[in-house]
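[1] Give me a 3D structure for the following:
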Amino acid sequence: MPVNLEMPTPPATAEEYCSRGMDLLNTGNWKDAIEDFSQAIRLRPDVAVGYRFRARAHAESGNVTRAIADLDQAIRLNPADIQALFDRGQSFLRQKQYEEALVDCNKALKLDEGRADVIALRGRVQEARGASEQADTDFSRAIELDPEGVANYLIWRGDLRLRSDDPAGALKDFDLALFREPEHVYALSRRASANWALRNLDAALADYTRAVELDGEWVWVRNGRGLVYHDRSEYEAALADFNESLKIDPTHAPTYEYRAETFDKLGRKNETLSDMNEAIKRNPESVRLFNRRAMLHYFNRQYVQAIRDHTSALKCDPASAVTFNYLAWLWSTVPDPTVRNGRRALECATRACELSEWQTPGFLDTLAAAHAEVGNFTEAEKWAERATDLAETETIRKLYMARSEQYREREPLRVVPGEE
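    Below you'll find the predicted structure:
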C-alpha cells in the first residue's frame with residue numbers, strides 16, 4: 001500500500017518566512033536564509049526584525065557591507081532596537097569603522113545601560129581604538145553584570161592585558177575563564193602565551209599540548225607549541241610541530257619562518273635558507289624577513305647577498321633604523337675590502353642614529369666603526385665612548401670600551417661573522 005507523504009506547507013506570512021529563515025540560518029544555509037528573510041521583508045517591509053535577521057545572514061556569509069545596509073534600515077524603522085544597534089556595532093568593528101561602532105554602542109547603552117554584551121562590545125571597540133584603560137573598564141563591568149557570558153569577557157580582558165604587557169593579570173583572567181570552560185581551546189592557547197611571557201615554559205607547554213589534543217588542526221596552537229619547544233632548545237620536537245603545521249596549511253608564511261629558525265639551530269643551513277626563501281615569497285613586504293635572510297647570508301660570509309637583502313628591506317620601509325644600521329655595519333666592518341664602502345656606511349649609520357634619536361648604543365657603536373672606516377678616528381673614539389655610556393650590560397660596555405681604545409690607536413674595526 002503506497003505511503004502518502006505530505007509535502008511541507010510553504011510559509012504564507014512574514015512571521016513564517018522569518019521562522020524558517022532562522023532555522024536555515026542556524027544550520028549554516030546562508031543563501032536560502034537570505035531568500036526567506038527577503039520574502040518576509042516583501043510581505044512586511046515596515047517591520048525592522050526582517051532586516052535585522054537578513055543582516056545576520058549576510059554577516060555570517062561574509063557580506064558585511066550588505067549586513068550594515070540592512071541594519072541601517074532596521075534602525076530607521078525602530079531606533080530603539082538594541083539588538084540591531086549591537087549587530088551594526090559588531091559589523092562596524094569588523095570593518096574597522098571604530099568611531100561608528102562606538103556611536104552604536106553608546107546609543108544602545110542609553111537605551112539599556114545594563115546590557116553586558118553591549119558593554120563588552122564597546123570594550124573591544126575601545127581596545128581597537130587604542131583606548132586600553134576604557135576597554136579594561138568595560139570588560140570588567142561586563143564581567144560583573146553577566147555570569148553567563150563571563151568566560152568570553154574574561155578572555156577578551158585577558159587578551160587586552162597580555163597585549164598591554166601585563167601577563168600576570170592576563171594569566172588570572174585566563175585561569176578564571178578556563179575554570180568555567182576547561183576545554184576552551186582559544187583560552188588555553190592564550191594562557192599558554194601568558195605563561196610563556198612569564199617564562200613559565202612548562203606550564204605554557206602543558207597548555208599548548210592540551211590545545212593540540214583538542215584541536216590538532218589549528219595551526220596557531222601547533223606553532224605555539226613548536227615555538228615553546230624551540231625556546232626550550234628541544235629543536236626536534238619543535239620541528240615536528242612545524243612540519244605538522246605545514247601539512248595542515250602549506251601556504252602559512254610564518255610557519256616557514258619558524259621552521260627556518262629551528263633548522264638554523266640544528267645547523268641545517270640549506271633547509272634554513274630554503275624555508276626563509278619560502279617565507280619571503282609568501283610575504284614579500286616583510287622588512288623583518290629580508291633582514292633575517294640577510295643575516296643568514298652574513299654569517300655564511302656571503303656579504304653581497306646580505307647587502308642585497310638589507311637593501312630590499314629598506315625598500316619595504318625607507319625609515320627602518322635597524323636596516324640602516326645593518327647596512328652600515330656591513331659596509332664598515334667586513335674583512336673583504338671589495339665589499340666595504342666607508343662613505344655609504346657613514347651615511348647609513350648617521351641615518352640610523354637620527355631615526356633612533358641618538359639613544360641606541362648599538363647604532364652608536366656602528367657609527368663609530370663607520371667613522372673609523374673613513375679615517376675619522378677622533379669621531380670614532382667619541383661615538384664609541386658615547387655607546388659605552390649607554391651600554392646596558394657590563395659585557396657590552398667592555399666591548400665598546402675596547403673598540404674606543406682601538407680607534408685611539410687609529411685601527412679600523414674588522415669583524416669576521418661568528419668570531420666576534
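[2] tell me which element Leu25 falls in.
    Assigned by DSSP states H and E, Leu25 belongs to helix 14-26.
[3] Determine the set of other helices and strands touching that helix.
    Secondary-structure packing of helix 14-26 (3 or more Cβ pairs under 8 Å, 6 or more residues apart in numbering; DSSP states H and E): helix 30-43, helix 48-60. Heads up, the C-betas are built off the backbone N, CA and C, glycines and all.
[4] Could you identify which of the ones you listed is most buried?
    helix 48-60 (a mean of 24; mean count of other Cβ atoms under 10 Å).
[5] how about the helices and strands packed on helix 14-26 in JSON lines, adding distance to Leu24?
    What follows is those, written out as JSON lines (distance: least, Cβ to Cβ, whole Å):
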{"stretch": "helix 30-43", "distance to Leu24": "4"}
{"stretch": "helix 48-60", "distance to Leu24": "8"}
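[6] And the ones you listed: which comes nearest Ala349?
    helix 48-60 (51.8 Å; Cβ to Cβ).
[7] For the helices and strands packed on helix 14-26, give me TSV that also has mean pLDDT and distance to Val212.
    Below are those laid out as TSV (pLDDT from 0 to 100; distance: least, Cβ to Cβ, whole Å):
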stretch	mean pLDDT	distance to Val212
helix 30-43	91	31
helix 48-60	91	28
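[8] Quick one: closest of the ones you listed to Leu364.
    Closest among the helices and strands packed on helix 14-26, using Cβ to Cβ: helix 48-60, at 52.7 Å.
[9] what angle separates the closest one from helix 14-26?
    20 degrees (axes from the mean of the first three to the mean of the last three Cα atoms, to 10 degrees).
[10] I'd like the next helix or strand past helix 48-60.
    helix 64-77.
[11] report the angle between the axes of the next helix-or-strand element following that following helix and helix 48-60?
    Using DSSP H and E, the helix or strand that directly follows helix 64-77 along the chain is helix 82-94. For helix 82-94 against helix 48-60, the angle by the same axes, to 10 degrees is 30 degrees.
[12] Could I get the buried residue list for stretch 285-300?
    Residues of stretch 285-300 classed as buried: 286-298 (neighbour count, 16 or more other Cβ atoms under 10 Å).
[13] which ones among the residues you listed are found in helices?
    Those of the buried residues of stretch 285-300 mapping onto helices are Val287, Arg288, Leu289, Phe290, Asn291, Arg292, Arg293, Ala294, Met295, Leu296, His297, Tyr298, per DSSP state H.
[14] Go through those and say which is closest to Leu176.
    Arg288 (34.9 Å).
[15] Just the pLDDT at the closest one, thanks.
    Looking at Arg288, its pLDDT reads 96.
[16] Same check on the one 3 residues further on?
    Looking at Asn291, its pLDDT stands at 97.
[17] ok, it touching Tyr326?
    Yes: if you go by Cβ atoms under 8 Å, Asn291 and Tyr326 touch, sitting 6.1 Å apart.
[18] contacting residues for Tyr17?
    Pro11, Asp36, Phe37, Gln39, Ala40, Leu43 (Cβ atoms under 8 Å, 6 or more residues apart in numbering).
[19] Report the separation between it and Asp36.
    Here Tyr17 is placed at a distance of 5 Å from Asp36 (Cβ to Cβ, to the nearest Å).
[20] any shared contact partners between the two?
    Joint contacts of Tyr17 and Asp36 (Cβ under 8 Å, 6+ apart) are Pro11.
[21] List phi and psi for the residue positioned nearest the centre of the chain.
    Closest residue to the average C-alpha location of the chain: Arg163 at 10.0 Å, with Cα atoms, centre = their mean. Main-chain dihedrals, Arg163, degrees, to the nearest 10: phi -70, psi -20.
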